[in-house]
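Chemist: My questions concern the predicted model and sequence given below.
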Amino acid sequence: MSETKMTDPSSGPRFCPECGSRLEPDGSCSKCLLVIGLTTGTGTAAAESLSLAPEQIPGYRLEERVGQGGMGVVWRAHHLNLQRTVAIKVLAHSVRGIPGFAERFHREARTMAGLSHRNVVTIHDFGETDGLYWLVMEYVDGLNLRELMNEVVAPRRALKIVTQICEALDYAHEAGIVHRDIKPENVLVDAKGQVKLGDFGLAKLLDGSEDRTRLTGSRHVMGTPHYMAPEQVNAPLDVDHRADIFSLGVVFYELLTGELPMGNFAPPSQENDTDPRLDEVVLRALHHKPADRYQRASEVKDDITAVEQAPGGGSTGSADLQIRSDGDAGSARKAGADLEVRAPVG
């Protein structure tokens, strides 16, 4: 997971570096239910509390910690019976404090394990040991998209990555599953260029918003600031699959330009040497109103594919290609001028 920096604790409201929720006065995150290390902001507190013995999880040998954050720690591990490498995400101790977590964990883990698609990280197993909840996943030998974006990603490669994310999302949405936290850190790319979308269901699993709303009457925000759809902040209980399409649009824009679409941002082709025919695709995905966005991830893929297959596709070229438009023809163009991404208010 990437490092995140905390603001000066004395400078005003403090926000969780993992989920963006406002921290409680004692420094705890009501979503992650962790005491965030304010001096490091990198999930160190979670990692230190999850120092495990190599064979603490039955049937597996933990070999190397490969990621950490507010949600817990990811280990590369060895399946002792099958003799294969897997990844194990061990959730933070404090998830036990989420009302009804044990029941929801088993329900959501079974749902995640039921996903079987070439572009989705497969869940092999899950369980609870000594009060620790864990998920066993396929091990993807590669980099996450954030790491790839440390260098310039060629436009054609960006299109290949985004279309594979579209396939993963379309599959999940058909199954009635909304990811809720699409961001570069959750997109894995192996050495062959195969994209794997991970952490399906974890935002919902660790949230418990229904319980919180019933008990406290408060709103609860799921997602990562800058990648969240407006409705994830303004109406978090009414979020549907179209929020994932907005987040996909943010990732797409960032891949093409190296920048986040903040404030009154310019279309991608004005920021970088990219095909101007992609502007309509990106801006429509980023529309404020869910009804004016693409309604299916497959539609995004179809329009990207049309650009790729047209003369000069994937690079700077003429803008004579007709992009699909199911609504106001100007709505996508206006999205760039209308959009402003805000951090959630706790």
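Modeler: Done, it's in.
Chemist: My read is that Leu260 contacts Val251, right?
Modeler: No: using CB atoms under 8 Å, Leu260 makes no contact with Val251, being 9.7 Å away. Where C-beta positions appear, they are placed from N, C-alpha and C, glycine not excepted.
Chemist: Show me which of these two is the more surrounded one.
Modeler: Val251 (23 against 15; other CB atoms under 10 Å).
Chemist: Report the secondary structure state of Val74.
Modeler: Classification of Val74 by DSSP: H, G, I helix; E, B strand; the rest coil places it in strand.
Chemist: Do I have it right that it meets Val66?
Modeler: Yes: counting by CB under 8 Å, Val74 touches Val66, with 5.4 Å between them.
Chemist: where do the contact lists of the two overlap?
Modeler: Contact criterion CB atoms under 8 Å, 6 or more residues apart in numbering; residues shared by Val74 and Val66: Ala87.
Chemist: So between those two, which is more surrounded?
Modeler: More crowded of Val74 and Val66, by other CB under 10 Å: Val74, with 21 against 14.
Chemist: And the more buried one, how close does it get to Asn144?
Modeler: According to CB to CB, to the nearest Å, Val74 stands 11 Å off from Asn144.
Chemist: got the end-to-end distance for stretch 89-104?
Modeler: Length of stretch 89-104, first residue to last, CA to CA, to the nearest Å: 17 Å.
Chemist: What residues sit buried inside it?
Modeler: Residues of stretch 89-104 classed as buried by neighbour count (16 or more other CB atoms under 10 Å): Lys89, Val90, Leu91, Ala92, His93, Ser94, Val95, Ile98, Phe101, Arg104.
Chemist: biggest helix in the chain, by residue count?
Modeler: helix 155-174 (DSSP state H).
Chemist: Now do the helix or strand just after it, average pLDDT.
Modeler: Sequence order places strand 187-190 as the next helix or strand after helix 155-174, per DSSP states H and E. Strand 187-190 shows a mean pLDDT of 96.
Chemist: Tell me which helix or strand comes right after the helix or strand of the chain with the lowest mean pLDDT.
Modeler: Taking mean pLDDT, DSSP states H and E as the measure, the chain has helix 209-216 as its least confident helix or strand, at a mean of 38. On the C-terminal side of helix 209-216, the closest following helix or strand by DSSP H and E is helix 230-234.
Chemist: tell me what that next one is packed against?
Modeler: helix 242-257 (3 or more CB pairs under 8 Å, 6 or more residues apart in numbering; DSSP states H and E).
Chemist: Would you mind writing the CA trace of the helix it packs on as PDB?
Modeler: Presented in PDB, the C-alpha positions along helix 242-257 are these (Å, rounded to 0.1, in the frame of the first residue of the first chain):
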ATOM      1  CA  ARG A 242     -22.500   3.900 -10.900                       C
ATOM      2  CA  ALA A 243     -20.300   5.200  -8.100                       C
ATOM      3  CA  ASP A 244     -17.700   2.700  -9.300                       C
ATOM      4  CA  ILE A 245     -18.000   4.100 -12.800                       C
ATOM      5  CA  PHE A 246     -17.200   7.600 -11.400                       C
ATOM      6  CA  SER A 247     -14.100   6.200  -9.500                       C
ATOM      7  CA  LEU A 248     -13.100   4.400 -12.700                       C
ATOM      8  CA  GLY A 249     -13.200   7.800 -14.500                       C
ATOM      9  CA  VAL A 250     -10.900   9.300 -11.900                       C
ATOM     10  CA  VAL A 251      -8.400   6.500 -12.300                       C
ATOM     11  CA  PHE A 252      -8.700   6.800 -16.100                       C
ATOM     12  CA  TYR A 253      -8.000  10.500 -16.000                       C
ATOM     13  CA  GLU A 254      -5.100  10.000 -13.700                       C
ATOM     14  CA  LEU A 255      -3.600   7.300 -15.900                       C
ATOM     15  CA  LEU A 256      -3.800   9.600 -19.000                       C
ATOM     16  CA  THR A 257      -2.600  12.800 -17.400                       C
END
